[in-house]
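Peer 1: the amino acid sequence is not available; the structure is as follows:
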């Protein structure tokens, strides 16, 4: 049961949030131009690391904002939360 | 030594001091024809069928921890085959057919208990769903009965039929039931070893050697090993191994929890599943109620889940069975399940030649164990999937030919 | 009263308050302050239960939550509870309890036949037999199941209530023994908010039963002073009778408080139990330790108990469990118990496995005339329902053999002590790492992972003074960490009569019979796991700790191995000749103790299980006899039967009313989203498959949403209200999903788009009036000009309806002339009733969802989620017309050109007419080209919707059929489960008013 720091509201209980999978997957600018393989990768294929993972969460029962979370999938420790559009943190943030 | 009542009695005179090892712990050899990575039911079963039916001689199963320690030993042991789509029905029913003879086949009692499984319907929409699935099952040759409210009430006397979401009916599969999960791993291990398979525990794969696009060897915590073909069956760690081989999977690994009550005298003699009220429950032979529900939505390799998932199992359980309210939760645990976009598994070839994968079983892999192992053994042996396995290729994620049990039935267990 | 084992004086019970209770149908008396176990012992009842597998006679082993043997069925009827530990049940007037797992009685139990046959039932015997013939497994299993289980489940609904509480504080301290008390005191004095949890009815922990002093003051008085001070602090909350159950990530702790379990009078306002969910900045674990049993032959008989339990029964409850008592120990600490028993008049002998015993202890034994057998072991015990005789013999521990004379002693009680195991369960749950301590011979905490502190015996320290100082200091440190002004430190000095000593852990004691040759050295009492079973598991290759546990079931009873785990590991270590560290340990999982399902469910039961969503007109529907259906959380009128009508009659009447005159539907549950912002049209272009740029203000348009896989996931009508202002409707079930979908893309992909979404589902009540008379009817009640010219189909107008500012949409889901009147929800019922009143002359008929379904099916309109299922594209539904060819991009578009979505033989949406003109096909039945005698049959598709059409006078159906559009007019068959085969013909999907004139009138 995490305590998640919403970048807009501050620390709240995990039950207020939901997780939506890997972050930083941009929708192709012009989908018509990508191949079936590239489109399939965008739709379905995900990094699923044992370790640092970047993922999207929403503060459903709060501000309803989407934001990104950098989390270790082994210890389940949240390393950082940051707003959509903010730069992806690097390893130095670990 | 054959397992039988006769031998049990005979051995009691020697205080059971003469039983042989169910499986031994051999050293890793320098080279194998086929290595199966992952010593759960699916992996051990694959090795067993490779040796028994496909004439492969030199096989090893590598297990990072202890055999059966992953999802094989952490599930709620439900077995059924009443899936909607023809492709799933064929695969899971192949499994049920094998389950029915498994204790004899392995000479190990896996306690497959066909006590019947009820999918409850709580709304008009649910009734449409179970009717559709029931008819699909019926025409696929899978036993299915659609029961009305009265029939359900009669068969499950202690269930609350008139709760917040009343029970309107149910889809019953009588051939469905439960089995003893650990026994499946142990039974396959013992039978595979009898056929010469090396079962190597505490042996973690750390690297996959690829030469000219073909797998040639593995790096393990017990040294490196040469190999001609590799089958990856590492539920919970599929993406980690795929990563070693340089490709990505359409998988997220998330926590799934389950729990048992204290043992009580028989009170529930069938398996109950409710997608709308969201819980499933059965009673084990030991007397424990075995309860499960949904998985967490975040990726994790910690084999722990959130406590609110437990709360979200208890309220539905007590809603459906108010008589269980005073019973007590004895133990809860978590596993790592590999969720695919369509909730169907991935069985078949990978971008690396002679490296095959069997993964993505999500929350429902246990029931498929013998079927999965059997079709995967054929895939590994022949280099091509058979008709049952073919629809579950990795390629479907590019072509769009999903086998979308999730879309059709909301939850697939 | 009998109470023959009660001492004359002493104990912490209230001898003035006699309590009557019933055990196994017999009346007994105890005192206030007793547990069921202490009261039974006082009445000389030792045989309390039967074990799980062999049905061995079992008594009371411990005096706390770790009890594996004395578990009983408590209470009667709907309040009965199985598997309750007699050692924890506080006695109350009228308590009724009974032994479990025995028939006909605990004294004469048929199941004990298993004990005689036990030689053929070793660990895992069931894996080796009952396999043949396979068809008989269910038969065998029936008897196995009957024999298994312990107590009985209630068979009536639980009459009691459970509550939950969230709590937040600086410091939660688990355990109210001296360590916990001192930490609480230090943190409390420093100003921290403290929650102190203890599972007992009285704070003080094990020291309540022992003689000790602190700073040269009497220990018990000292405890009382501290407890009083803690209770006087506003920043300290104390929960007694509360067990910390689960320790999750981020210091999330769950605890179960027994509120009225110990009361005979049940109040209606007080819950039975309260479930605490606590989030604290720091957690202090001060749970103490459990005493370890010794593994010797037949160590399970009633009358054999832990030494600390014996001490507790004597000191706290004034019960002397035996008169001829033997202490069997491997450490000093247990001698306190022996001396106390001696003091209270028991005849005591001591069997100590050690060769070298502290000379002071030896002297004291000599002074008291206690016979001390040094370097001895109990090699056998006798006594069917209670131990009555033992044999002891000298052990050469180096040679591991017995020597010398075998001495027989008559006893009625054995107290055993094999050392202490810190209660590391919660610590381990919190991800804390354990290490094996070679001095204490047990697992102790090693690496801390969360923001936690572990103190006292729980930390593997058994020195009283050290623990006092460390605990107080840690309380101060915690306060300092949390930036409180720290109270003064104090130097504590504690003295115990006899202090703890290190103890060895013996894998097992030598017995008369060899341990593997038919002797029963119990390791796990409840599950009947013997040392021989552990040997067997190792021999058969189940050598991982998890394999041993699962194969033998050791540690899997209701005590979850609190008394058995370390002994099992020690034995495995002995067998493999490896240190215990290398054997490892199994994972501790929540909960610490079994916890009530009902308490975890809390108030989320009955009508609070899931909230009901009701429209503003709901009450009217109820008053007018509506039958409701659940659609998600919504309650929607399904149909409105008049007296004697069944569903078919009612739906027929409702359908015909709409087709012939006027009907009214409460459509308020439809999702409604208010969209504003300059980029809304651009946004809609991406969200919907059709084009939105040219939609005029005041116009409505139907739209279809696909997910990125190209599959339909919602539909609805969206209306342009103003320049940058749109009103979107969604399906009832999809409203929340669509809202999240819109927000997702606005917040994650198109951050530059300026669009604001607000759910207004509950702000507007929607009255859909439909039928040829709807214009005439509504015109009488509104100032909006409803004429065809001024208010054409698919337009929107604002104005007054029944004097209320309303939004009126001219859209139709029935194919008839229709108006959807949206009024602010507070006026919903008012307008509805006005309509009912004024519509009388048109026979206005309220209709429900079933009629809505029939009417739309007659027109071939789809219902997303019924006719579609998440695996169909707009093209599959023959809705190519709504998929823009011009738009470069919209969600889902790219997926339409994948090979599988382009496949020509995909299932298509078609109509289906049964040839017999009377059978209504089951929705969900499947279609074949030609039915075979029996399954399997190759399926073409399935029936998605099926009704009897009153206006047409025959059934209609909609279906998804492979290549269906090329099969129009073809005959197909629908094999039903009852063996009947129904013939049908494939048609198009519009059955009524094919030209579509009616809604354009």
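Peer 2: Sure, I can see it. Since the model is a prediction, treat every value here as computed from it, not as a measurement. Numbers count the residues shown, from 1 in each chain, chains lettered A, B, ... in the order given.
Peer 1: quick one: residue C:19 is in a strand?
Peer 2: Yes: assessed by DSSP: H, G, I helix; E, B strand; the rest coil, residue C:19 belongs to a strand.
Peer 1: could you pull out the strands in chain A for me?
Peer 2: A:3-6, A:10-13, A:18-22, A:52-58, A:66-72, A:78-83 (DSSP state E).
Peer 1: which of these sits closest to residue B:172?
Peer 2: Each of the strands of chain A has some distance to residue B:172 by C-beta to C-beta; the shortest is strand A:18-22, at 34.0 Å. Every C-beta, even on glycine, is put in place using the N, C-alpha and C of the backbone.
Peer 1: do that closest one and chain B come into contact?
Peer 2: Yes: Strand A:18-22 is in contact with chain B by C-beta under 8 Å from any C-beta of the partner chain, via A:18-22.
Peer 1: redo the strands of chain A as CSV? Include distance to chain C.
Peer 2: Formatted as CSV, those follow (distance: least, C-beta to the nearest C-beta, whole Å):
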stretch, distance to chain C
strand A:3-6, 5
strand A:10-13, 7
strand A:18-22, 7
strand A:52-58, 7
strand A:66-72, 4
strand A:78-83, 9
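Peer 1: with distance to residue C:251 as extra columns, can I get those strands in CSV?
Peer 2: Shown next, in CSV, are the strands of chain A (distance: least, C-beta to C-beta, whole Å):
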stretch, distance to residue C:251
strand A:3-6, 9
strand A:10-13, 12
strand A:18-22, 21
strand A:52-58, 20
strand A:66-72, 17
strand A:78-83, 14
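Peer 1: sorry, back to before: any chance of the residues of strand A:18-22 next to chain B in a markdown table, with neighbour count, pLDDT and distance to residue B:350 too?
Peer 2: As requested, these are arranged in a markdown table below (neighbours: other C-beta atoms under 10 Å in any protein chain shown; pLDDT from 0 to 100; distance: C-beta to C-beta, whole Å):
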| residue | neighbour count | pLDDT | distance to residue B:350 |
| --- | --- | --- | --- |
| A:18 | 16 | 96 | 32 |
| A:19 | 20 | 97 | 28 |
| A:20 | 16 | 97 | 27 |
| A:21 | 18 | 96 | 22 |
| A:22 | 17 | 97 | 21 |
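Peer 1: okay, now the closest residue to residue C:551 other than its chain neighbours: neighbour count?
Peer 2: Among residues not flanking residue C:551 along the chain, residue C:542 sits closest, at 4.2 Å (C-beta to C-beta, 6 or more residues apart in numbering or on different chains). Residue C:542 has 25 neighbours, counted by other C-beta atoms under 10 Å in any protein chain shown.
Peer 1: which of the residues of strand A:18-22 next to chain B sit farthest apart?
Peer 2: Top of the distance list for those (C-beta to C-beta): A:18 and A:22, 14.5 Å.
Peer 1: tell me where the model's unsure across chain A.
Peer 2: A:93-94 (pLDDT under 70).
Peer 1: how about the residue in it positioned nearest to chain C, what does it touch?
Peer 2: In chain A, the residue that lies nearest chain C is residue A:31 (3.7 Å; C-beta to the nearest C-beta). Residues in contact with residue A:31, defined by C-beta atoms under 8 Å, 6 or more residues apart in numbering or on different chains, are A:39, C:889, C:893-894.
Peer 1: equivalent analysis for residue C:510, please.
Peer 2: C:377, C:379, C:395, C:400-402.
Peer 1: highest neighbour count among these?
Peer 2: residue C:377 (25 neighbours).
Peer 1: is it true that that residue touches residue C:330?
Peer 2: No: counting by C-beta atoms under 8 Å, residue C:330 is not a contact partner of residue C:377; they are 9.8 Å apart.
Peer 1: intersection of neighbour lists for those two?
Peer 2: In contact with both residue C:377 and residue C:330: residue C:353, using C-beta under 8 Å, 6+ apart.
Peer 1: look at residue B:27 and give its secondary structure.
Peer 2: Taking three-state DSSP, the label given to residue B:27 is coil.
Peer 1: list the residues that contact it.
Peer 2: B:200, B:222.
Peer 1: what pLDDT is listed against the residue nearest to residue C:551?
Peer 2: According to the prediction, residue C:542 has pLDDT 97.
Peer 1: wait, what's in contact with the residue nearest the centre of chain A?
Peer 2: What sits nearest the mean C-alpha location of chain A, by C-alpha atoms, centre = their mean, is residue A:55, with 1.9 Å. By C-beta under 8 Å, 6+ apart, the contact set of residue A:55 is A:19-23, A:68-69, A:71, B:298-299.
Peer 1: residue C:304 touches residue C:390, doesn't it?
Peer 2: No: using C-beta under 8 Å, residue C:304 is not in contact with residue C:390, being 9.5 Å away.
Peer 1: between these two, which one's more packed in?
Peer 2: residue C:304 (33 against 26).
Peer 1: once you drop chain neighbours, what's closest to the more buried one?
Peer 2: Going by C-beta to C-beta, 6+ apart, residue C:304 has residue C:414 as its nearest residue, at 4.4 Å.
Peer 1: just residue B:258 next, same as before
Peer 2: residue B:292 is the one closest to residue B:258 (C-beta to C-beta, 6+ apart), at 4.3 Å.
Peer 1: beta partners for that neighbour?
Peer 2: residue B:258, residue B:280 (DSSP bridges).
Peer 1: return the residues of the stretch 101-250 of chain B in contact with chain A.
Peer 2: Going by C-beta under 8 Å from any C-beta, the residues of the stretch 101-250 of chain B near chain A are B:237, B:239-240, B:243, B:248-250.
Peer 1: which residues of the stretch 851-1000 of chain C lie near chain B?
Peer 2: So far as C-beta under 8 Å from any C-beta goes, the stretch 851-1000 of chain C lies against chain B at C:865-866, C:869-871, C:895, C:898-901, C:922-926, C:928, C:935-937, C:939, C:942, C:975, C:977.
Peer 1: now list the buried members of those.
Peer 2: Using 16 or more other C-beta atoms under 10 Å in any protein chain shown as the burial test, those include C:865-866, C:869-871, C:895, C:898, C:901, C:922-926, C:928, C:935, C:937, C:939, C:942, C:975, C:977 as buried.
Peer 1: still on that earlier bit, can I get the residues of strand A:18-22 next to chain B in TSV with distance to residue C:773?
Peer 2: Shown next, in TSV, are the residues of strand A:18-22 next to chain B (distance: C-beta to C-beta, whole Å):
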residue	distance to residue C:773
A:18	48
A:19	52
A:20	49
A:21	52
A:22	56
